[in-house]
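> I need the structure of the sequence given here:
(2 chains)
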Amino acid sequence: MAGKSIIDVLENIPREVIYTIVLIAMILPLLRPLGLPVPVSEPIKKWYDAIESLPPGSLVLISHCNLGAYPAFDSMQVATLHHLFSRPVKLVFFSIDATGLVVYDTLLSKVDPKAYGKVYGVDYFHIGYIPGGETAMKALAEDFKAAVPSDYKGTPIDQIPMAKDIKDIRDFTMIICFTSAGETSIGWIRQWIVVRPEIKYLCCVLDMMLPTMRPYYEAGQVAALTGSAPGGEYEFLIGKPGSGIKKADAFTGAQLILLVFIIIGNIASIAKRMGKGGVR
Amino acid sequence: MSVLYRRHIPLAITFICGLIILLQFFFVPANITEPWQSSLQYYGVTLTNWANLLANFIIGFGVVNISLIHARRIMRAKSWVDKFYSIWLFIVMAAFIVVGLFGYPRMWWTPLAANWDWLQLYVLTPLDATVYASLVFYMASGCYRAFRARTLEGAALLVVGFLSIMYKTPLFQAYAPWVIKTIDWIAKYPAVGAYRGIQVSAALGAILLGIRTLIGVETGYLGRRD
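Numbers count the residues shown, from 1 in each chain, chains lettered A, B, ... in the order given. The predicted structure follows:
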């Protein structure tokens, strides 16, 4: 950096420096939580209320995320399962990605259904991975048993007690989707909600996907829409603190540093232009 | 191959399948009353399940395709460094296929079930998560460089981007509720309006593409014409 003024350096901070400082800003709050308040936002309240208002015996389809997106959705999925298992509802898990089955195993290792008195096959079961994306969603909606001959372990669907009464889309009350893929989050609307608007659709996507989903939410096709980041808020709301609350501090740390970098970059940029003869 | 096999028969199959799915969507109600509705529903469901089965074959096709590409790369590469990544791909692919065949829960014989779980949990999960998580650093560096008030448009991006980051920071959610209200308004009105425009245009384009495909004008999916 020899020969460069301080303004030049601040205007073009090397990316290695940014990476290192952001990393430190994320790690420190994880090692030593700051204990900052975790306010519960409106989307999380709506998510909570939608699950809380499910009538007893309701059938809920859970389309969980793939393996790559799991760290992002971990806290939201775990908190949602805690909430669902505490309610008198039945759950059907579905994986739209080949790597999703490991996510299911990992989720159930964190949320023990037995602790809630839930039994596999009676209160919940997993239909496994069905390839095809939207055609798989359509197949499930039209003829559940034709699309799902067995559960993810290979047990024939007729031997699963709670599957006996599931025929098609009309038996479901709610879909909950956790996804990092736009075609999945919108696919459920195209293949399920358009066909049967009575079904409540709860959608959790990566935060950067929220603007794409917002028109569907405003149109009433999505009952609750949230990003994956506020998992800590949901953990706080249901009284099951987990990794999400710790991550909230890390988000604050990293994003505060990022805001500081943006301010520094703009001040340096303006100062440089003023030094050259005024702001253009 | 004659034009009949290469062109006319695939076009006829596309037309018939597309038409059945369209008719099923528009003319089969939730409570079926007529026998023709029941037949249409049956054919629609069957075609949909065929599509899901075909999706399985696409995975196999992908394996063949990637194998051919990397086999060619191994044969043509001049240095061992260039060959290494392709050879490593074959080793990992073989390991996953063997362990998957004898470890995946739905298989008939699963002596490698523990290895399957281990590969997924301790190899695939951290690798996948690392790729996703590394984005945060690129995005941080990108935001720092892109959010500059050099022009009017750049200033608008800076203001909205800055407020959006504040909106997603728990600290500001607790102590600066005005940020939440501001970004909520932007997300609810200008952003939704803009996205609706994009989405409606894309949907109209998709409908047109569908019609062109059904009537045989759009033939890109048939492959190269000779």
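
> how about stretch A:37-54: buried residues?
Burial within stretch A:37-54, assessed by neighbour count using 16 or more other Cβ atoms under 10 Å in any protein chain shown, is assigned to A:38, A:39, A:41, A:43, A:44, A:46, A:47, A:48, A:50, A:51, A:54. To be clear about C-beta, it is placed using only N, CA and C from the backbone, and glycine gets the same treatment.

> could you dump that stretch to CSV, C-alpha only?
What follows is stretch A:37-54, C-alpha atoms only, in CSV (Å, rounded to 0.1, in the frame of the first residue of the first chain):
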residue,chain,number,x,y,z
PRO,A,37,-32.7,-8.6,23.2
VAL,A,38,-34.5,-10.8,20.7
PRO,A,39,-37.7,-9.0,19.6
VAL,A,40,-40.3,-11.2,18.0
SER,A,41,-41.2,-9.9,14.6
GLU,A,42,-44.6,-9.8,12.9
PRO,A,43,-43.9,-12.7,10.5
ILE,A,44,-42.9,-15.0,13.3
LYS,A,45,-46.0,-14.1,15.3
LYS,A,46,-48.1,-15.0,12.2
TRP,A,47,-46.2,-18.3,11.8
TYR,A,48,-46.8,-19.1,15.5
ASP,A,49,-50.5,-18.1,15.3
ALA,A,50,-51.1,-20.2,12.2
ILE,A,51,-49.7,-23.4,13.8
GLU,A,52,-51.5,-22.6,17.1
SER,A,53,-54.8,-22.3,15.3
LEU,A,54,-54.6,-25.7,13.7
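
> That one near chain B anywhere?
Yes. Against chain B, stretch A:37-54 shows contacts by Cβ under 8 Å from any Cβ of the partner chain at A:37, A:38, A:39, A:41, A:42.

> before we move on, what SS does the third one have?
Going back to what we said before, that points to residue A:39. coil (DSSP: H, G, I helix; E, B strand; the rest coil).

> Could you list the domains of chain B?
Listed by automatic domain parsing, the domain ranges of chain B are B:1-69, B:77-140, B:147-218.

> name the helices or strands packed onto the biggest helix by length in chain B?
In chain B, taking DSSP state H as the definition, the longest helix is helix B:35-76. Packing contacts for helix B:35-76, counted by 3 or more Cβ pairs under 8 Å, 6 or more residues apart in numbering or on different chains; DSSP states H and E, involve helix A:134-142, helix A:144-147, helix B:9-27, helix B:80-101.

> 6 Å - rerun?
Identification of packing neighbours for helix B:35-76 by 3 or more Cβ pairs under 6 Å, 6 or more residues apart in numbering or on different chains; DSSP states H and E yields helix A:134-142, helix B:9-27, helix B:80-101.

> Out of those, flag the one nearest residue B:218.
helix B:9-27 (9.6 Å; Cβ to Cβ).

> Is residue A:61 bridged to anything, and to what?
Beta-bridge partners recorded for residue A:61 (DSSP bridges): residue A:92, residue A:175.

> thinking it is in contact with residue A:93, fair?
No. At 8.2 Å, residue A:61 does not count as touching residue A:93 under the criterion of Cβ atoms under 6 Å.
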